[in-house]
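Chemist: Predicted structure and sequence below. I'll ask about it afterward.
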Amino acid sequence: MPTSQRLPDAVIDAAIVWGVKLNYGEPTQQTRSRFQRWLEADPLHRLAWERVGAFKPAIAPLQAALGRDVLAAADREHRRQDAQRRRALKILSLGGVAALFGWSLRDELGWQRLTAEASTAVGQQRRLQLEDGTAVVLNTDSAVSTDFSGERRVLILRRGEIMVTTGADGAAASKRPFWVFTPFGKMQALGTRFVVRLESQRARISVQEGAVELHPAGGGASLIVRPGQSGWLADDGALAAPEQEFAADGFADGVIAGQNIRLDALLTELARYRRGHISCDPAVAGLRVSGLFHVADTDRALQFLLQTQPVSVSYRTRLWVVVGPASQS
């Protein structure tokens, strides 16, 4: 096959994703096996892999540890201010990671999605059924990986938010403990249904059934969170979290559901499901709203607020919406 042959963009993208997973993630044997199957499925896959690999000599001195540091720096920047994603991509480029794969980062994808086994885009939800019977719902802009190869079941939340309903693990000789790993520590599910959401400096865990034991990354005291309770998991400790204004697991049904929700909190939540930014004028931030707001159509939710609240909704651009006081006429 001539090396000058033009390859489909989808094949090139797939080769780039595999390159990131294998070089900058922590690939399990299961991941390596899937890569081998992909490689052998089509001659174009092997050619794309060879071309992606051709970028490696350009930055041979770059060690894997440096690559991970660059990715971590980009992630911290993304979490600090989501509106500055392009600045995070600049960090990646300066670190040489972009040069390694000729990386286009289409649609400004988070790098965690490239190292994950399953992910969602902004505004998308996805349901997974794991090999042990566990059900996982990924919320908007989320990414997960799994490792069930040893004596415990591990789900790694790399980005975003998930709802987990643990399975019976019936195929195993004995039921293995179920763990969720996050950047801030890990947690053991004690026969349960729960939600884990990554924030900038910590993770929030909300339990609907059973219990979850939180273990901070820094080695502090553990905390057990029970049904109807929430907890914070951070590097330096775990502690109880106050009740949210909306149901933590509502996203699994495609809604933000609650009573007496502050308007600014509702808009912040709606903004997670759309590209761009929603601004809330301080003059209306404290208004209280109740109801079901469908996340699949955030414009419709904004129109509902316009019809039921003393507010105005202005589209400054396709990606910038401003909610302020209703005009006086």
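Modeler: Yep, it's here.

Chemist: Could you pull out the helices in the stretch 201-329 of the chain for me?
Modeler: Remark: helices assigned in the stretch 201-329 of the chain by DSSP state H, counting those that start in this stretch are 263-271, 298-308.

Chemist: who wins for proximity to residue 146 among these?
Modeler: Go through the helices of the stretch 201-329 of the chain one by one with CB to CB and the one that ends up closest to residue 146 is helix 263-271, at 27.4 Å. Where C-beta positions appear, they are placed from N, C-alpha and C, glycine not excepted.

Chemist: Measure how far stretch 257-270 is from the centre of its chain, please.
Modeler: Here stretch 257-270 shows a centroid-to-chain-centroid distance of 21 Å under the convention CA atoms, centre = their mean, to the nearest Å.

Chemist: low pLDDT regions in the stretch 101-250 of the chain?
Modeler: Counting by pLDDT under 70, the stretch 101-250 of the chain shows low-confidence ranges at 101-115.

Chemist: Contact partners for residue 161?
Modeler: By CB atoms under 8 Å, 6 or more residues apart in numbering, residue 161 lies in contact with 138-140, 142, 195-198, 251.

Chemist: Could you save those as a markdown table and add columns showing neighbour count and distance to residue 277?
Modeler: Written out in a markdown table, the entries for these read as follows (neighbours: other CB atoms under 10 Å; distance: CB to CB, whole Å):
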| residue | neighbour count | distance to residue 277 |
| --- | --- | --- |
| 138 | 25 | 23 |
| 139 | 22 | 19 |
| 140 | 18 | 15 |
| 142 | 30 | 20 |
| 195 | 24 | 25 |
| 196 | 23 | 25 |
| 197 | 21 | 20 |
| 198 | 22 | 20 |
| 251 | 26 | 20 |
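
Chemist: Which of the residues you listed fall in strands?
Modeler: Per DSSP state E, strands hold the following members of those: 138, 195-198.

Chemist: Check which helices and strands the host helix or strand of residue 51 sits against.
Modeler: Take DSSP states H and E as the rule and residue 51 turns out to sit in helix 43-53. For helix 43-53, the elements it packs on are helix 9-24, helix 29-41, judged by 3 or more CB pairs under 8 Å, 6 or more residues apart in numbering; DSSP states H and E.

Chemist: Compute the inter-axis angle for it and helix 29-41.
Modeler: 120 degrees (axes from the mean of the first three to the mean of the last three CA atoms, to 10 degrees).

Chemist: Return the residues in contact with the closest residue to residue 314 other than its chain neighbours.
Modeler: Leaving aside its chain neighbours, residue 314 sits nearest to residue 322 (4.6 Å; criterion: CB to CB, 6 or more residues apart in numbering). Residue 322 makes contact with 278-279, 281, 313-314, 316, according to CB under 8 Å, 6+ apart.

Chemist: Now residue 298. Nearest residue, chain neighbours left out?
Modeler: With CB to CB, 6+ apart as the criterion, residue 298 has its nearest non-adjacent residue at 4.6 Å, and that residue is residue 274.

Chemist: number of nearby residues for the one you found?
Modeler: Counted with other CB atoms under 10 Å, the neighbours of residue 274 add up to 19.

Chemist: Then residue 206?
Modeler: Using other CB under 10 Å, the number of residues around residue 206 comes to 23.

Chemist: What distance do you get for it to residue 169?
Modeler: Per CB to CB, to the nearest Å, residue 206 is found 23 Å from residue 169.

Chemist: quick one: residue 123 and residue 274 touch, right?
Modeler: Yes: using CB atoms under 8 Å, residue 123 is in contact with residue 274, at 6.0 Å.

Chemist: Mind listing the shared neighbours of the two?
Modeler: Between them, residue 123 and residue 274 share these contacting residues under CB under 8 Å, 6+ apart: residue 298.

Chemist: from memory residue 227 sits against residue 211, does it?
Modeler: Yes: under the criterion of CB under 8 Å, residue 227 lies in contact with residue 211, with a separation of 7.4 Å.

Chemist: Skipping adjacent residues, who's closest to residue 305 in space?
Modeler: Once its chain neighbours are removed from consideration, residue 305 has its nearest residue in residue 311; the separation is 5.9 Å (CB to CB, 6+ apart).

Chemist: what pLDDT does that neighbour get?
Modeler: You'll see residue 311 listed with a pLDDT of 97.

Chemist: Likewise for the one 4 residues further on?
Modeler: With respect to pLDDT, residue 315 has a value of 94.

Chemist: Number of residues surrounding residue 327?
Modeler: Counted by other CB under 10 Å, the residues lying close to residue 327 total 8.

Chemist: which ones are touching it?
Modeler: Residue 327 sits next to residue 312 when contact means CB under 8 Å, 6+ apart.

Chemist: ranking the helices and strands packed on helix 43-53 by burial, who's on top?
Modeler: Sort these by mean neighbour count, taking mean count of other CB atoms under 10 Å, and helix 9-24 sits at the top with a mean of 18.

Chemist: Give the rounded mean pLDDT of it.
Modeler: Average pLDDT, helix 9-24: 69.

Chemist: hmm, back to that, if we take the contacts of residue 161, which one ends up nearest to residue 231?
Modeler: Using CB to CB, residue 196 is the member of the contacts of residue 161 that lies nearest residue 231, at 10.3 Å.
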